[in-house]
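*Asks:* what would the 3D arrangement of this be:
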Amino acid sequence: MTRRLARYRIPVGVLALVALCLVALLLQKMLNFNYNNQTFLIALKTNQDHDHQDHDHQDHDHQDHLNIQQLTRRAEHLRRTCQSLGLSRHQPITPISSVPILDRKGIFTVCVGPKVGKKWWRILGARAEEKGFANVQSRLPAVISVQHPLSRLAQCYREKFLGGKNISQYAVHPKRGGESWTLRWKSYWLPALISTGKISHGPLISKLIQTHRRHANMTPSHTLMATLITQAYGHMDALLLRTHSDVAFTFEEFLHHVVWTHVLGLHDPNWTSQFTLCQPCDRSYDYVSHLENSEEEVNNLLKVADVKGEFRFVSSVASEKGKKEGVFTDLLLYGDIAKHVMDQIFRLYHLDFVLFDYSTKVI
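*Replies:* Model prediction:
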């Protein structure tokens, strides 16, 4: 019997092949089972979503309504605070950039300063005009877009003063363009060298500033500053460039420069208070939008204007997350700033904090 079985012994290779086939069949069954169950779960989820579509739509509408209420509550807070502080008839020193940029576009009247999403609002206005949108209301809804004052200053420092890098590293982007190195030098860096005492503040620049101060309401201040600097230091510009073209500015030096320009009455729109730019106590705003929540808030405003299907404000996840985390990161810059400098900054932007309901707490 044993000999007979030995004659029919199956080679090991064949047995291994058979075993492999059996394993493959078993895996196929398992995979088919998992796939079918997965498909079922997806289908079940889809059916559940369909069953609750109306309910979800109501939830979204309710949330949008709450978000719009937040914007209107800020506007009401703005009105009450203006009245309580007696600012309703206050005239800002220099109404630099107060022209409502969408007044003729047929959707909103908007006041938005530099560093507060101005570019996007301009694009929206241009596209609305192209599409022929017109708001039938006799008065367009008025929006003021604002940003945390300390975060706005930090952003300006990173852009105009390169976040503390040597100014020699500045270069105009070949596609996006931007201010020339020479304009930056005359408008921001050379004046900052003067305000921080790295270059002597001669009597000529003081005299020129006093002489031209009356033109501050008519000329963009950074352009006026460049003109004054050219007149006062043009004869030694080459020497100053050789000795200071690789300078860098600390954040505290930038803040000192901001205060210095304010004292002189040269209000650069990049860091002029949003109160001065938009005159919120002399105009009636229906909504106050915070840049920190721009995507959600702007899209809700578009929905109120009944143009949500035509326009949508979209920022990348990284960008939107960056805005919300950015305030925290920006505030960290203030941790080592001298108290007397911070006191000056808080006084300078006091109304921005109070009127637009921002906290003055610094981490």
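*Asks:* tell me how far the residue nearest to G164 when sequence neighbours are not counted lies from Y287.
*Replies:* Spatially, and ignoring its direct neighbours in sequence, G164 is nearest to A248 (5.7 Å; CB to CB, 6 or more residues apart in numbering). (Each C-beta comes from the backbone N, C-alpha and C, glycine too.) Per CB to CB, to the nearest Å, A248 is found 40 Å from Y287.
*Asks:* looking at the two, which is more packed in?
*Replies:* The residue with more neighbours, out of A248 and Y287, is Y287; 23 against 15, by other CB atoms under 10 Å.
*Asks:* quick check: beta-bridge partners of that one?
*Replies:* Per DSSP bridges, the residues bridged to Y287 are V143.
*Asks:* what does the pLDDT read for it?
*Replies:* pLDDT, Y287: 94.
*Asks:* OK, contacts around I68?
*Replies:* By CB atoms under 8 Å, 6 or more residues apart in numbering, I68 lies in contact with Y287, N300, L301, V304.
*Asks:* quick one: contacts for the last one?
*Replies:* Listed by CB under 8 Å, 6+ apart, the contact partners of V304 are I68, P141.
*Asks:* ok, the first one next?
*Replies:* Contacts for Y287 (CB under 8 Å, 6+ apart) come out as I68, L71, T72, R74, A75, P141, A142, V143, I144, L301.
*Asks:* give me the distance between the first one and V288.
*Replies:* In other words, I68. According to CB to CB, I68 and V288 sit 12 Å apart.
*Asks:* and what of the fourth one?
*Replies:* R74 sits 4 Å away from V288, going by CB to CB.
*Asks:* quick check: neighbours shared by the two?
*Replies:* Shared contacts of R74 and V288, counting by CB under 8 Å, 6+ apart, come down to F356, D357.
*Asks:* where does pLDDT dip in the protein?
*Replies:* 1-66, 89-106, 132-138, 173-177, 202-224, 307-328, 363 (pLDDT under 70).
*Asks:* can you give me the strands in it?
*Replies:* Under the criterion DSSP state E, the chain carries strands at the ranges 109-112, 142-146, 287-290.
*Asks:* dump the ones you listed into a markdown table; add distance to S359 as well.
*Replies:* Output for the strands of the chain, formatted as a markdown table (distance: least, CB to CB, whole Å):
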| stretch | distance to S359 |
| --- | --- |
| strand 109-112 | 22 |
| strand 142-146 | 14 |
| strand 287-290 | 12 |
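*Asks:* nearest to E129, of the ones you listed?
*Replies:* strand 109-112 (13.6 Å; CB to CB).
*Asks:* quick one on the thing from earlier: give me the more crowded residue out of R74 and V288.
*Replies:* Comparing R74 with V288 by other CB under 10 Å, the one with more neighbours is V288, at 24 against 21.
*Asks:* and the more buried one, how far from V143?
*Replies:* Look at V288 and V143: by CB to CB, they are 8 Å apart.
*Asks:* for the residue nearest to G164, give me its contacts.
*Replies:* A248 makes contact with L162, G164, K165, N166, I167, according to CB under 8 Å, 6+ apart.
*Asks:* may I ask which of the residues you listed has the most neighbours?
*Replies:* Neighbour tally across these (other CB under 10 Å): the maximum, 21 neighbours, falls on I167.
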